[in-house]
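*Asks:* turn this into a structure:
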Amino acid sequence: MYITRLSLTNFRNYGRLELDLPTGPVLIHGNNAQGKTNLLEAVYYLATTKSPHADQDQQMINWVAMQTDDPVIVGRLVAQVATNQGEKTIEMRLIYEHSQSLRNGRGSFRREALVDKRKVRLMDLLGHLRVVLFLPEDVQLITGAPRQRRRYLDITLCQIDGLYCRTLSNYNKVLEQRNALLRQVAEGVSSREMIPIYTDKLVQLGSQVLTRRAMFVDELAREVHQIHYEALTEGAETIRLNYLPGLWQNKSGNNGDDADVKEWTAWWQSHFQDESAVAERFAEALDQSLRADLARGTTRVGPHRDDWQFLLNGRSLSSYGSRGQQRTAILALKMAEIEWMTRQTDEVPILLLDEVVAELDAQRRALLLDYVKDANQALLTATDPSMFSHDFLRNSSSFLVEKGRVQLDTGQIGMS
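*Replies:* Sure, this is the predicted structure:
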């Protein structure tokens, strides 16, 4: 899988860009704030319908275009993608319409997705382009909030498994409806009789999400352990991924080190692939939590409360690991993601590496670049190309980015 042509209109600092992309490693270099990261963001957005950087989608529309008086401003991202199944065109449109009727002066915003020029639902865009993204801030998957780790699971799975993505979307809708009903019951404006209806639907969908996530983490964990143990630490350290389903709470109301943890963990390890057993346990947890849910107006158990963690030599990497150990674990995770995605689809995903090479020591940098050179296509950004070996640069294509303009670099980088 690789992109043959990328077209951007009114996206970030690109007013208009038409870029033919070669296969293999592609180095995108230039000074800071010129648009290197924006290129990777565009590819990632086309693959996942999400931005790794923007809180709101309309933030990605070119700011110069937003200053005009045009009634409708359209940002377009288009990629021609070559796959084992043939070529296809995928497109995302970011549409902003000014509205003079609104007091705050803000307009309306919507997104449109197209595959081969036919409009599709956003989730139906997923899977046509698959990527693995490397960022310096990926270490937050270890140190950050649980929602970041859930987001990682969902984005990775949704690129591969359309059924999972639809199930997750429906689960989130039912969860929102149940929470609204809980608040209405607490306020005395609705009856409790409707709660079991939403609860049953939540259990049906949520058990599917839980088992799929658990199986994914289990599969990924084996790859992570092998890469980390054999290639990155030469047998000095072991690493394990531990999935923490949002079905169990200790007496304080959070996942923790209570006396029941071992019993719960043993049960989960024996049953996480059994959807009916997980559904039964989920239903029990919701029943036990109902009084607290009504008091708080929110559902306190379920996959929306999931988490997962790294254990290094049996101890929490977030609490006891050094910064170097954390970066090594993330590198193992991303390499494992590539292997897992390739095995699932028979195609190597496109690799996106945003200024990550500078974060690695020589050994880990060389190992990562071995993965990069074997990919059908890898896009790497850097401010300083000299951090790459001459051999790598000789076998890579190079583009220079300056003020939102991208041109093929025909200089002698790495040739001396």
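*Asks:* going forward, measure contacts between C-alpha atoms and count neighbours the same way
*Replies:* Noted.
*Asks:* pull the helix or strand with minimum mean pLDDT from the protein.
*Replies:* Every helix and strand of the chain was ranked by mean pLDDT, DSSP states H and E. The lowest is helix 261-271, at a mean of 79.
*Asks:* for that one, buried residues please.
*Replies:* Buried residues in helix 261-271, defined by neighbour count with 16 or more other Cα atoms under 10 Å: residue 268.
*Asks:* quick check: what element follows it along the chain?
*Replies:* Later in the chain than helix 261-271, the nearest helix or strand by DSSP states H and E is helix 275-296.
*Asks:* the helix or strand that that following helix is followed by pairs with which strands?
*Replies:* Tracing the chain past helix 275-296, the next element assigned as helix or strand by DSSP H and E is strand 307-312. With DSSP bridges as the test, strand 307-312 is paired with strand 239-244 (antiparallel), strand 315-316 (antiparallel).
*Asks:* by residue count, what's the longest helix in the protein?
*Replies:* As assigned by DSSP state H, the longest helix anywhere in the chain is helix 195-226.
*Asks:* helices or strands up against it?
*Replies:* With contacts taken as 3 or more Cα pairs under 8 Å, 6 or more residues apart in numbering; DSSP states H and E, helix 195-226 sits against helix 162-186, strand 239-244, helix 275-296, helix 323-345.
*Asks:* now the ones you listed as CSV including mean neighbour count, mean pLDDT and distance to residue 2?
*Replies:* CSV is the format used below for the helices and strands packed on helix 195-226 (neighbours: other Cα atoms under 10 Å; pLDDT from 0 to 100; distance: least, Cα to Cα, whole Å):
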stretch, mean neighbour count, mean pLDDT, distance to residue 2
helix 162-186, 18, 95, 21
strand 239-244, 20, 90, 30
helix 275-296, 17, 93, 36
helix 323-345, 19, 92, 13
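*Asks:* mind listing the helices for the stretch 1-150 of the chain?
*Replies:* Secondary structure of the stretch 1-150 of the chain (DSSP state H, counting those that start in this stretch): helices at 36-48, 63-66, 122-125, 140-143, 146-158.
*Asks:* deepest of those helices, which one?
*Replies:* Of all the helices of the stretch 1-150 of the chain, helix 36-48 carries the top mean neighbour count, a mean of 23, counting by mean count of other Cα atoms under 10 Å.
*Asks:* quick one, it and helix 146-158 angle?
*Replies:* Computed by axes from the mean of the first three to the mean of the last three Cα atoms, to 10 degrees, the angle separating helix 36-48 from helix 146-158 equals 60 degrees.
*Asks:* now for helix 36-48, which elements pack on it?
*Replies:* Using 3+ Cα pairs under 8 Å, 6+ apart, the elements in contact with helix 36-48 are strand 72-83, strand 86-97, strand 131-134, strand 350-354, strand 377-382.
*Asks:* got the CA coordinates for it in CSV?
*Replies:* Output in CSV follows, covering the C-alpha atoms of helix 36-48 (Å, rounded to 0.1, in the frame of the first residue of the first chain):
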residue,chain,number,x,y,z
LYS,A,36,6.3,19.2,7.2
THR,A,37,4.1,17.9,10.0
ASN,A,38,1.0,19.1,8.2
LEU,A,39,1.7,16.7,5.3
LEU,A,40,1.8,13.8,7.7
GLU,A,41,-1.3,15.0,9.5
ALA,A,42,-3.2,15.1,6.2
VAL,A,43,-2.3,11.5,5.4
TYR,A,44,-3.2,10.4,8.9
TYR,A,45,-6.5,12.3,8.7
LEU,A,46,-7.4,10.6,5.4
ALA,A,47,-6.7,7.2,7.0
THR,A,48,-8.4,7.7,10.3
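*Asks:* where does this structure dip in pLDDT?
*Replies:* By pLDDT under 70, the low-scoring segments of the chain are 100-105, 249-261, 411-416.
*Asks:* what residues go with each domain of it?
*Replies:* For the chain, automatic domain parsing gives the domain ranges 2-130+347-408, 137-323.
*Asks:* columns distance to residue 340 on top of these, output as CSV?
*Replies:* Converted to CSV, the domains of the chain look like this (distance: least, Cα to Cα, whole Å):
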stretch, distance to residue 340
domain 2-130+347-408, 10
domain 137-323, 7
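*Asks:* helix or strand for the residue of the chain most remote from its centre, which one?
*Replies:* Ranking residues of the chain by C-alpha distance from their mean position (Cα atoms, centre = their mean) puts residue 188 at the top, at 39.9 Å. Residue 188 belongs to no helix or strand when assigned by DSSP H and E.
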